[in-house]
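Trainee: show me the folded form of this:
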Amino acid sequence: MAETERIVDQHERGFDGDPWYGLPLTKILSGLTAEAARARPIPNAHTIWEIVLHIAAWEGAVLKRLKTGSVSQPDEGDWPEVTESDEKTWQQTLTRLRQTHDKLSDMLRQLQPKRLDDMLGAERDPATGGGHTVGGTVHGVIQHNVYHAGQIAILRKAIG
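Mentor: Presented below is the predicted three-dimensional model:
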């Protein structure tokens, strides 16, 4: 299996597949209501809804990087605000997450292995994730998603 195939496999497993470590993100989010998604069981921590918007934003930013080579924070910001918190808007947020994930997966399927060592950004910039290779960036977004999926799972338990 080529490295790019492994990357796609890991991206899909963590989102909606059978990851080694437990449940994929879609199963963790399954059945969650808008009320639960906007709950803040841990003071000063992000809500599930905020985390889902954050994941979608960064998947979109990585998609843009792969298309353009330019490195920046997501267009909607690092932590997009929840502006409306009704059930319809929550379902739209989940749809957006799915669509962004699917677009990135499609881009990853087309990724040429020789691009994995190409640099994105000339200097290391922790705020944007710049200064990494394409390979480091795509592995990084997968790690980012798994990290936040774990946070969501803990928040779900805290909500009850």
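Trainee: what mean pLDDT does stretch 130-143 have?
Mentor: Averaged across stretch 130-143, pLDDT comes to 95.
Trainee: repeat that for stretch 15-22.
Mentor: The predicted confidence, averaged over stretch 15-22, sits at 95.
Trainee: what does that stretch rub up against?
Mentor: Residues from elsewhere that reach stretch 15-22 (C-beta atoms under 8 Å, 6 or more residues apart in numbering): 9, 13, 24, 25, 26, 27, 101, 105, 145, 146, 153. Yep, even glycine has a C-beta here, placed from its N, CA and C like the rest.
Trainee: gap between that stretch and the chain center?
Mentor: Relative to its chain's centre, stretch 15-22 lies at 14 Å (C-alpha atoms, centre = their mean, to the nearest Å).
Trainee: that stretch spans what distance, first to last residue?
Mentor: 11 Å (C-alpha to C-alpha, to the nearest Å).
Trainee: and that stretch, which residues are buried?
Mentor: For stretch 15-22, the neighbour count (16 or more other C-beta atoms under 10 Å) marks 15, 16, 19 as buried.
Trainee: mind listing what residue 123 touches?
Mentor: Contacts of residue 123 by C-beta under 8 Å, 6+ apart are 130, 131.
Trainee: again, only using 10 Å
Mentor: 71, 130, 131 (C-beta atoms under 10 Å, 6 or more residues apart in numbering).
Trainee: what about the strands in the protein?
Mentor: Assigned by DSSP state E, the chain shows strands spanning 119-125, 130-133.
Trainee: parallel or antiparallel, list what pairs with the first one.
Mentor: Right, the one you point to is strand 119-125. Sheet pairing of strand 119-125 (DSSP bridges) gives strand 130-133 (antiparallel).
Trainee: residues making contact with the partner strand?
Mentor: 65, 70-73, 115-125, 137-140.
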